[in-house]
Structure formats: C-alpha cells, structure tokens
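K.L.:
I would like to see how this sequence folds:
(one chain, ligands or ions: 2)
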Amino acid sequence: MIQQRKLKIKGIYLLIGFMLLCLIAGIAAWWNLSQQDHQADGYSVAVARNGETVKTFTLKEIENMPYKKLYAKLQSAQHENAEGTFRGPELRDVLNRADKRLLKECRTFICVAGDGYSSALSREEIQQKDYAIVAYEKDGKPFEHFNEGGEGPMRMLVAGDSFGNRSTKFLVRIECRE
Ligand SMILES: Nc1nc2c(c(=O)[nH]1)N[C@H]1C(S)=C(S)[C@@H](COP(=O)(O)O)O[C@H]1N2
Ligand SMILES: [Mo]
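P.N.:
Ligands and ions are numbered 1, 2, ... in the order given. Next up, the predicted model:
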C-alpha cells in the first residue's frame, strides 16, 4: 500500500519533470529560431571573428555612419542595370567600429548573404581608400529587399569590381578570418 503510493508520487514528479524539460526545450528552440530569422533578414549585419559575433549593426546604425558615395557599373547585372551611385559607410570603417583589431589581425573577410551567396575580400584590398562600402541606397533610393528582387536591404559595393561577383547583395554577415 505505502509502496504503491510512493510509486504514484514518484510518477507524478517524473511527469512534471518531463513536462518542464519539454517546455524548456521548446522555449530554447523558439528563441534560437527567432534569433536566426532576425540575423538573416538583412536588416542588420553581423561582424564575426572566427565564427563568434563581435558586433551586430542594424541598418539604422549603418545609415547613421559617415558615408561615401561611389559610382559603379557592374557588368553582369542579374536583374536590372546595376549602374549608379551607391551610398554607404566604407567597409574598413564598419570593421574598425566593430573592433580595431580586425583589420590588424585578420587577413580574409568573407561577406555572407542571406541567400547563401558569399564572396571574400583581402585585408590589403579593404585597406584602400574608397574600395568598398556597405551600401544601402542607389541614386538616392533605398534598396528593395533581395527576396523582392532587389539588392538589399544592404549590399557590399566594391567600386573596382566590374564583374560584380565581389559585390555581395543581401549582406547579413562579415566573417573575419585570421
Ligand atoms: N546575395 C547575392 N549577391 C550577389 C550575387 C548573388 O547571386 N547573390 N551575385 C553576384 C554577381 S555574380 C553579380 S554580377 C552581382 C550582380 O549584381 P546586380 O544584380 O546588382 O547587377 O551580384 C553579386 N552579388
Ligand atoms: Mo556576375
């Protein structure tokens, strides 16, 4: 009799424990998904070093940085004509704002897009003046979202890149490697 009751109580505790675990796992999964979605929507760009995020800039923060205007004509335009004057902060300024050590200690900078595209730039390239900007508008107009056929919300714009393959559209992440 007493043993049976003990077992019953144990069962209830087990059930409660199990339900709590499910709840925690559920919350963790939901949190993880919502974070991922946010990181990949293109309205922010994460700067990471060897896989670890150093700083995440929102589109607003990028828009509020001192900007450059660069004219570019990308030859193999996939959609509309990619010729125009692009506006945005220099990539080297964005990297330095995230962490001054990045351009000193890392050699390769991989620009990752929300569609899975990526393209690498070297430290030597990025250190040049007016080389690359994190652009958010062309000819005074903000980019449309890549998923709606546009280039944005943000794109890398490499001024001298006439074939366009270095100019990552729908930029979500800059991965810095030593
Ligand atoms: N996210 C993303 N960016 C990308 C590409 C792509 O497929 N996905 N293609 C690249 C190539 S090969 C070119 S030529 C240019 C074309 O840019 P445009 O569509 O503005 O002309 O985008 C570059 N950036
Ligand atoms: Mo291209």
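K.L.:
okay, residue 124: pLDDT?
P.N.:
Here, the pLDDT recorded for residue 124 equals 97.
K.L.:
Tally up the residues packed near it, please.
P.N.:
If you count neighbours by other C-beta atoms under 10 Å, residue 124 ends up with 9. (Each C-beta comes from the backbone N, C-alpha and C, glycine too.)
K.L.:
With residue 8 instead?
P.N.:
Each residue near residue 8 was counted by other C-beta under 10 Å, and the total is 10.
K.L.:
how close does it sit to ligand 2?
P.N.:
Relative to ligand 2, residue 8 is positioned 69 Å away (C-beta to the ion, to the nearest Å).
K.L.:
mind checking the SS state of that residue?
P.N.:
helix (DSSP: H, G, I helix; E, B strand; the rest coil).
K.L.:
Just the pLDDT for it.
P.N.:
77.
K.L.:
Residue 28 too?
P.N.:
As summarised for this prediction, residue 28 has a pLDDT of 85.
K.L.:
can you start the count at 699 instead of 1 from here on
P.N.:
Sure, I'll start counting at 699 from here, so that last one is residue 726.
K.L.:
which is the next helix or strand following the helix or strand harbouring it?
P.N.:
Element membership of residue 726, judged by DSSP states H and E, is helix 700-738. Later in the chain than helix 700-738, the nearest helix or strand by DSSP H and E is strand 742-747.
K.L.:
Report the distance from that following strand to the chain centre.
P.N.:
Remark: strand 742-747 is offset 5 Å from the chain centroid, using C-alpha atoms, centre = their mean, to the nearest Å.
K.L.:
now that strand: mean pLDDT?
P.N.:
Regarding strand 742-747, the rounded mean pLDDT is 98.
K.L.:
before we move on, the earlier item: can you give me the angle the helix holding residue 726 makes with strand 742-747?
P.N.:
100 degrees (axes from the mean of the first three to the mean of the last three C-alpha atoms, to 10 degrees).
K.L.:
what packs against helix 700-738?
P.N.:
Helix 700-738 is packed against strand 869-875, with contacts defined by 3 or more C-beta pairs under 8 Å, 6 or more residues apart in numbering; DSSP states H and E.
K.L.:
List the neighbouring strands of the strand it packs on plus their orientation.
P.N.:
Strand 869-875 sits in its sheet next to strand 742-747 (parallel), strand 806-811 (antiparallel), going by DSSP bridges.
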